[in-house]
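Novice: got a predicted structure plus its sequence, pasted below:
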Amino acid sequence: MRKLTYLVAATLDGFIAGPDGQFDFLGFEDDSAAAIIASWPETLPTHARVPLGLEGVPNKRFDTVVMGRGTYEPGLAIGITSPYRHLEQFVFSRTLTDVDPTVTFLGADTDPAEFVRDLKRREGLDIWLCGGGALASQLVGEIDELILKVNPVAIGSGVPLFAAPFKPMPFRLAGTRTFDTGVAFMTYERVTP
């Protein structure tokens, strides 16, 4: 069965974006960027693949991406309507519909957890949850793996990794990788009872 992996950049204090959705303080440079390109080339947006020498590079881990409206909108604001053309794309939004035929928009009548359970039963590579915090909180029970690209910065407030009420959900540390840039990749697996 396919896995849902929440692979996301985060700050030391657990935020994935600033209060206004900004994320330019989350670096993509040097050794940690090379590791992302080598391990998860499909997590780079389509418009960045050619400049990074990734045109035609096959997907390694994921063939599907799910995201919330807040994660989708920064690209839309600069005219990118299909950020990951090399993946099957699903956007959960109560306000956006039919922006691009290569993206499936799911409204308030779609239960995210039920939808992801259905995706997991389909054939294919794993599913990437690329954000945001509100959607992650609705899918926390379906997240099989959590990969944090922890950046050496604290911001004080912003969009949390999970925007949800208090409910402990145990994960087990499965691996770490550190880089000269100060970035650390932390991989966790969900603990199932």
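Specialist: That came through fine. Every value quoted in this text rests on a predicted model; they were computed, and no experiment measured them.
Novice: burial count for Asp118?
Specialist: By the criterion of other C-beta atoms under 10 Å, Asp118 has 10 neighbours. C-beta: built from backbone N, CA, C; applies to glycine.
Novice: revised request: answer the last question for Pro58.
Specialist: Neighbours of Pro58 using other C-beta under 10 Å come to 10.
Novice: per-residue confidence at it?
Specialist: We have a pLDDT of 95 for Pro58.
Novice: from Leu125, how far off is it?
Specialist: As judged by C-beta to C-beta, to the nearest Å, Pro58 and Leu125 stand 10 Å apart.
Novice: repeat for Pro160
Specialist: Counting by C-beta to C-beta, the gap from Pro160 to Leu125 is 28 Å.
Novice: just want the most central residue of this protein.
Specialist: Cys130 (1.3 Å; C-alpha atoms, centre = their mean).
Novice: what helix or strand is that residue on?
Specialist: Using DSSP states H and E, Cys130 falls within strand 126-131.
Novice: any chance you could map the strands in the protein?
Specialist: 4-10, 15-17, 62-68, 88-92, 103-106, 126-131, 145-150, 159-160, 171-178, 184-190 (DSSP state E).
Novice: the longest one: partners in the sheet, and parallel or antiparallel?
Specialist: When you say that, I think you mean strand 171-178. Here strand 171-178 is paired, per DSSP bridges, with strand 184-190 (antiparallel).
Novice: tell me where this structure has helices.
Specialist: 30-39, 46-49, 69-77, 112-121, 133-139 (DSSP state H).
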